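>>> pasting the sequence and the predicted coordinates here, then a few questions.
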Amino acid sequence: IMQAISLAESGRWDKSSRSRFAWPWTVTAHGKGRFYPSKSTAIAAVRQLRAEGVKNIDVGCLQVNLKYHPKAFDNLDNAFDPDINARYAANLFAKLRRANRSITRAVAHYHSTTRHYNRPYTKKVVKLWNKERRRFYAEERAKKLAAWQAKKERREAAKIAELSARR
């Protein structure tokens, strides 16, 4: 679910791999997300927004809001560290899930408690989540099939070696 949320929050399309991935240096303010080429440029952008008096700023791969979560990170460097950003977001999501007793309501409230805003977001995340789960299970099936085939080939090779040794 966190993978799906990260794709909804900061997903970018990679033409070469033909897949979406979460971009760690994403900043959203005034309703517009921007993808920066590096951590330092993202930090500079947040500092500029703050200098302009902007307080409602989402940062990182999971777009943690600095206004509503002012103590989430010790500094902006940590805010844009993918591991730290994801850990905070995962803890926040876990709290929302416990409080709401529902994954979908937790997803909705991760984005906004206002239904008008959270309904389209929830639909987007659930769609991404289903796609990620299908991809994950397909990869798991492929791994199991490859392991089974390798085991079968080893058994066949052992039988051939045993027959050869008997001759």
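Sure thing, it's come through. Residues are numbered from 1 along each chain as shown.

>>> contacting residues for L76?
L76 sits next to I43, V46, R47, V59 when contact means C-beta atoms under 8 Å, 6 or more residues apart in numbering. C-betas here are computed from N, CA, C, even on glycine.

>>> and R12, by the same measure?
Shown in contact with R12 (C-beta under 8 Å, 6+ apart): R20, F21, A22, W23, F35.

>>> out of those residues, which are buried?
R20, A22, W23 (16 or more other C-beta atoms under 10 Å).

>>> in TSV: those, plus distance to K151, secondary structure and pLDDT.
Converted to TSV, the buried ones among the contacts of R12 look like this (distance: C-beta to C-beta, whole Å; DSSP: H, G, I helix; E, B strand; the rest coil; pLDDT from 0 to 100):
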residue	distance to K151	secondary structure	pLDDT
R20	35	strand	87
A22	36	strand	95
W23	40	coil	96
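
>>> and of those residues, the nearest to F93?
Looking at the buried ones among the contacts of R12 and their distance to F93, the nearest is A22, at 14.4 Å (C-beta to C-beta).

>>> who touches the nearest residue to A108 once chain neighbours are set aside in this structure?
Residue nearest to A108 in three dimensions, not counting chain neighbours: N118, with 3.7 Å by C-beta to C-beta, 6 or more residues apart in numbering. When contacts are counted by C-beta under 8 Å, 6+ apart, N118 touches V107, A108, H109, H111, S112.

>>> if we can go back for a sec, nearest to D77, out of the buried ones among the contacts of R12: which one, please.
Nearest to D77, judged by C-beta to C-beta, of the buried ones among the contacts of R12 is W23 at 16.9 Å.

>>> quick one: the contacts of N118 as CSV, columns for secondary structure, pLDDT and distance to P70 too.
Formatted as CSV, those follow (DSSP: H, G, I helix; E, B strand; the rest coil; pLDDT from 0 to 100; distance: C-beta to C-beta, whole Å):
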residue, secondary structure, pLDDT, distance to P70
V107, helix, 96, 23
A108, helix, 95, 22
H109, helix, 96, 18
H111, helix, 93, 19
S112, coil, 89, 18
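
>>> can you check those residues and name whichever has the most neighbours?
Ranked by neighbour count (other C-beta atoms under 10 Å), the contacts of N118 have V107 at the top, with 25 neighbours.

>>> tell me how far the longest helix anywhere in the chain lies from the chain's centre.
Looking across the chain with DSSP state H, the single longest helix is helix 115-166. When distances are taken as C-alpha atoms, centre = their mean, to the nearest Å, helix 115-166 is centred 20 Å away from the chain's centroid.

>>> repeat that for stretch 49-61.
With C-alpha atoms, centre = their mean, you get 21 Å for stretch 49-61.
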